[in-house]
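S.K.: Kindly generate the corresponding structure for this input.
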Amino acid sequence: MADDALYLGLISGTSADGIDAALVRFAPRTETLVARTFPYPEALRAQLLQLSQQGASLTLDDIGALDARIGDAFADAAEALIADSGMARAAIRAIGSHGQTLRHRIDASPRFTMQLGDPNRIAERTGIATVADFRRRDVAAGGQGAPLAPAFHAAMLHSRDEDRAVLNLGGIANLTLLPRDGVVRGFDTGPANGLMDAWIARHRGVAYDAGGAWAASGRVDTGLLAALCADPWFALPPPKSTGRDQFHLGWLDVHLAGDRHRPEDVQATLCELTATTVADALRRHQPGTRRLLVCGGGVHNPLLLARIGARLPGVTTESTAAYGLDPDFVEAMTFAWLARETLAGRPGNLPGVTGARGPRVLGAIHPA
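M.R.: So this is what the prediction gives:
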């Protein structure tokens, strides 16, 4: 395998706001050649959000059709990115496709995780080997199947001089703990953009709270915040992971039942919920952290970053951009990197993060 081979990463996260795509070279240094976000077709996104928020049931025919439609959308994204890059397809060693999580039931018996987006369609359309289905091998080995990004964070952002942490603010927030000496750990901390996006969509008909402006117009309801933080999930020890199937509008509505709240106050409270649970988790599990590197869509919410910073005095909070990783595409880069690890026969999980019985080579390879 050529050291300078290119890898293309694809992912749509819990926000389901589109497909992030990044074309990356990892040697002799990590370099993102081109990266873009491709919106889902509106009808497809509406269906995904309905399923995540309301838990609607699906027939086998529904699941099969959805798997194909998502696969086609991912193939469209890969094709468009390749065209944008101007690179020859032969230079791209593989595509790493996370797909779209439909269910993540780690508390079920048996536990399972389900990502849709048929990788066969991606390989067929692009003519490039496609690695997909990264999470289920870890689950089969007793792990959570998530988060998987900590291995990439450790490879790219570890320092021998200070304890660091990486915070991804997607639909769900998750932390990677990078002590200067010691074992890398990582886990989900709870909701981030997912609940805030869903709440503003319900009340204002827009996809997200641009710059946190609507939340900034409200006031935190301390009683509601305390009730939300009292959910037993937050007290669980790592390894742990979650998703929209746990933290959704139905969960929020239970806490709002019988009380009247201004919608903007609820938005402010949801923002504070993310800041509180992130800060509490970091202080509990790596109190010596000196630098918090932030990525994901939440990096564009100055109110959220300010509230996290206020709850973590003495910790420098900055974007991963300061270290050469575009904060909007760290997860897409992760799955490009995981495809590289899979083809090399190297494990892609960290058992100390996911709880798996040991390191495992992740994903299934769909040849060109």
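S.K.: Helix or strand with the lowest mean pLDDT in the chain?
M.R.: helix 42-54 (a mean of 77; mean pLDDT, DSSP states H and E).
S.K.: Map the structural domains onto the sequence of the protein.
M.R.: The chain breaks down by automatic domain parsing into domains covering 6-145+329-366, 149-323.
S.K.: Compute the first-to-last residue distance for the first one.
M.R.: Meaning domain 6-145+329-366. 17 Å (CA to CA, to the nearest Å).
S.K.: where along the stretch 201-350 of the chain do the strands fall?
M.R.: Listed in chain order, the strands of the stretch 201-350 of the chain (DSSP state E, counting those that start in this stretch) span 291-295, 316-319.
S.K.: quick one: contacts of the last one?
M.R.: I take that to be strand 316-319. Strand 316-319 is contacted from outside by 290, 291, 292, 293, 294, 295, 299, 305, 308, 309, 327, using CB atoms under 8 Å, 6 or more residues apart in numbering. C-betas here are computed from N, CA, C, even on glycine.
S.K.: May I see the residues you listed organised as JSON lines, with pLDDT, neighbour count and distance to residue 204 added?
M.R.: Putting the contacts of strand 316-319 into JSON lines (pLDDT from 0 to 100; neighbours: other CB atoms under 10 Å; distance: CB to CB, whole Å) gives the following:
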{"residue": "290", "pLDDT": "98", "neighbour count": "15", "distance to residue 204": "38"}
{"residue": "291", "pLDDT": "98", "neighbour count": "19", "distance to residue 204": "35"}
{"residue": "292", "pLDDT": "98", "neighbour count": "21", "distance to residue 204": "30"}
{"residue": "293", "pLDDT": "98", "neighbour count": "26", "distance to residue 204": "31"}
{"residue": "294", "pLDDT": "98", "neighbour count": "24", "distance to residue 204": "25"}
{"residue": "295", "pLDDT": "97", "neighbour count": "26", "distance to residue 204": "26"}
{"residue": "299", "pLDDT": "97", "neighbour count": "22", "distance to residue 204": "22"}
{"residue": "305", "pLDDT": "98", "neighbour count": "21", "distance to residue 204": "22"}
{"residue": "308", "pLDDT": "98", "neighbour count": "26", "distance to residue 204": "24"}
{"residue": "309", "pLDDT": "97", "neighbour count": "17", "distance to residue 204": "26"}
{"residue": "327", "pLDDT": "97", "neighbour count": "21", "distance to residue 204": "25"}
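S.K.: Can you lay out these as CSV showing distance to residue 248?
M.R.: Shown next, in CSV, are the contacts of strand 316-319 (distance: CB to CB, whole Å):
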residue, distance to residue 248
290, 35
291, 32
292, 27
293, 28
294, 24
295, 23
299, 23
305, 24
308, 22
309, 28
327, 25
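S.K.: Closest one to residue 97 out of those, please.
M.R.: Set against residue 97, the nearest of the contacts of strand 316-319 by CB to CB is residue 295 (19.6 Å).
S.K.: quick one: contacts for the closest one?
M.R.: For residue 295, the contact set (CB under 8 Å, 6+ apart) comprises 166, 167, 168, 169, 319, 320, 325, 327, 328, 330, 331.
S.K.: re earlier: out of the contacts of strand 316-319, who's nearest residue 103?
M.R.: Checking the contacts of strand 316-319 against residue 103 by CB to CB gives residue 295 as the nearest, at 24.8 Å.
S.K.: ranges for the helices of the protein?
M.R.: For the chain, helices defined by DSSP state H occupy the ranges 42-54, 60-85, 119-126, 136-140, 149-157, 193-204, 213-216, 222-229, 249-256, 263-285, 302-310, 330-343, 351-354.
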